[in-house]
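Undergrad: how would this look folded up:
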Amino acid sequence: MAASPEFDTSVAHPARVYDYWLGGADNFPADRELGDAMIRAIPALPAMARANRSFMERVTRHLVETGVTQFLDIGSGIPTSPNLHEIARGIDPSVRVVYVDNDPLVTEHARTLIKDVPGVAYLHGDLTEPETILADPLLAETLDLTRPVALLVVALLMYYPAEREPERWVATLLDALPAGSHLAISHPTADFDPEAVAAANAAANAAGIPLVSRTHAEFAALFGRAALLEPGAVPLATWRPDTPPDDPHEAYYYAGLARKG
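TA: Numbering: from 1, shown residues only. Take a look at the predicted model:
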């Protein structure tokens, strides 16, 4: 895979490390090196990445089944089939989706895949600049912001430590959406295996990727004023599972869905 001059493949990038764990091909040696270092700390990391992906699929299905037809997916990562819009449109073909990611490789690849898909757009943007995302003409062209939108922030906030207050950026996005909108978040935690998670985080930090875990209370606080819906802020494997998990803590993540009143 040739490298575009717009991005540096000599350093690991979170989206490409995640793609490696999912068995994708859009990653480079630096990404695989970091991915393997983190796997040495937590051997089940690829399975946890798949579990996180499964949460995205479940929450998408649940939202569409309850009438949501618009999605804003922040930090969507490298396209992986089935993509959010494919899952949602399998239930309701009228669903419209805007994906946002800050990696040029992701944006370049994704725009190629969706260029002929009406009602689906991919923005090159960053969670740290929510006003820029909201001002992008493609957002208004694709979504009707007078109607409820599902805001997805899946496996993203762990790249931002508490002192950066990432909940403020999420709140800015949610504040721009009307009542009846939803917020879905997943986030890794050290609550289930502190030593292993600390070792994985240290490997990421050594590679230049700040990575933090959050406690249950810290995770729940990310939803701000939005009201958590059943089953609440819970271990990811227990959030409306298709089948009950053998171990509720098999993925070191919390997940939740909230509604804006």
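Undergrad: confirm residue 57 sits in a helix?
TA: Yes. Assessed by DSSP: H, G, I helix; E, B strand; the rest coil, residue 57 belongs to a helix.
Undergrad: what's the closest non-adjacent residue to it?
TA: Counting by CB to CB, 6 or more residues apart in numbering, the nearest residue to residue 57 once its immediate chain neighbours are dropped is residue 87, at 5.4 Å. Using the backbone N, CA and C atoms, a C-beta is placed for each residue, glycine as well.
Undergrad: surely residue 57 meets residue 88?
TA: No. Here residue 57 lies out of contact with residue 88, judged by CB atoms under 8 Å, at a distance of 9.8 Å.
Undergrad: who has more neighbours out of the two?
TA: A direct count of neighbours by other CB atoms under 10 Å for residue 57 and residue 88 places residue 88 higher, at 27 against 16.
Undergrad: make sure the more buried one is actually in contact with residue 94.
TA: No. With contact defined as CB under 8 Å, residue 88 and residue 94 do not form a contacting pair (9.4 Å).
Undergrad: from what I can see residue 121 touches residue 139, true?
TA: Yes. Residue 121 lies in contact with residue 139 (CB under 8 Å); the separation is 7.5 Å.
Undergrad: what is in contact with these two at once?
TA: Listed as contacting both residue 121 and residue 139 by CB atoms under 8 Å, 6 or more residues apart in numbering are residue 98.
Undergrad: which of the two has more residues huddled nearby?
TA: Neighbours were counted for residue 121 and for residue 139 using other CB under 10 Å; residue 121 has more, 22 against 19.
Undergrad: any idea which helix or strand carries that one?
TA: Assessed by DSSP states H and E, residue 121 sits inside strand 120-124.
Undergrad: any idea which helix or strand comes after that strand?
TA: helix 130-135.
Undergrad: sorry, back to before: strands paired with the strand holding residue 121, and their directions?
TA: strand 96-101 (parallel) (DSSP bridges).
Undergrad: if we look at the helix or strand following the partner strand, which residues are touching it?
TA: Toward the C-terminus, strand 96-101 is succeeded by helix 104-114 as the next helix or strand (DSSP H and E). For helix 104-114, contacts defined as CB under 8 Å, 6+ apart pick out 4, 6-7, 13, 15-16, 26, 76-79, 85, 99, 101, 120-124.
Undergrad: show me what counts as buried in the lowest-mean-pLDDT helix or strand in the chain.
TA: Counting by mean pLDDT, DSSP states H and E, the chain has its least confident helix or strand at helix 104-114, which shows a mean of 81. Buried residues in helix 104-114, counted by 16 or more other CB atoms under 10 Å: 105, 106, 107, 109, 110, 114.
Undergrad: what's the closest of those residues to residue 163?
TA: residue 106 (26.5 Å; CB to CB).
Undergrad: for residue 80, see how far away that closest one is.
TA: Taking CB to CB, to the nearest Å as the measure, residue 106 falls 11 Å from residue 80.
Undergrad: contacting residues around the nearest residue to residue 207 once chain neighbours are set aside?
TA: The spatially closest residue to residue 207, leaving aside those adjacent along the chain, is residue 34, at 4.6 Å (CB to CB, 6+ apart). For residue 34, the contacting residues are 12, 17, 203, 204, 207, 209, by CB under 8 Å, 6+ apart.
Undergrad: what lies in contact with the helix or strand harbouring residue 153?
TA: According to DSSP H and E, residue 153 maps onto strand 150-154. With CB under 8 Å, 6+ apart as the contact definition, strand 150-154 has outside contacts at 52, 55-56, 59-60, 63, 68, 70-76, 84, 127, 170, 173-174, 177, 181-186.
Undergrad: convert that strand to CSV, retaining C-alpha atoms only.
TA: Only the C-alpha atoms of strand 150-154 are listed here, as CSV (Å, rounded to 0.1, in the frame of the first residue of the first chain):
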residue,chain,number,x,y,z
ALA,A,150,-27.5,9.9,17.3
LEU,A,151,-24.0,11.1,18.2
LEU,A,152,-21.6,8.2,18.5
VAL,A,153,-18.2,8.6,20.3
VAL,A,154,-17.1,5.0,20.3
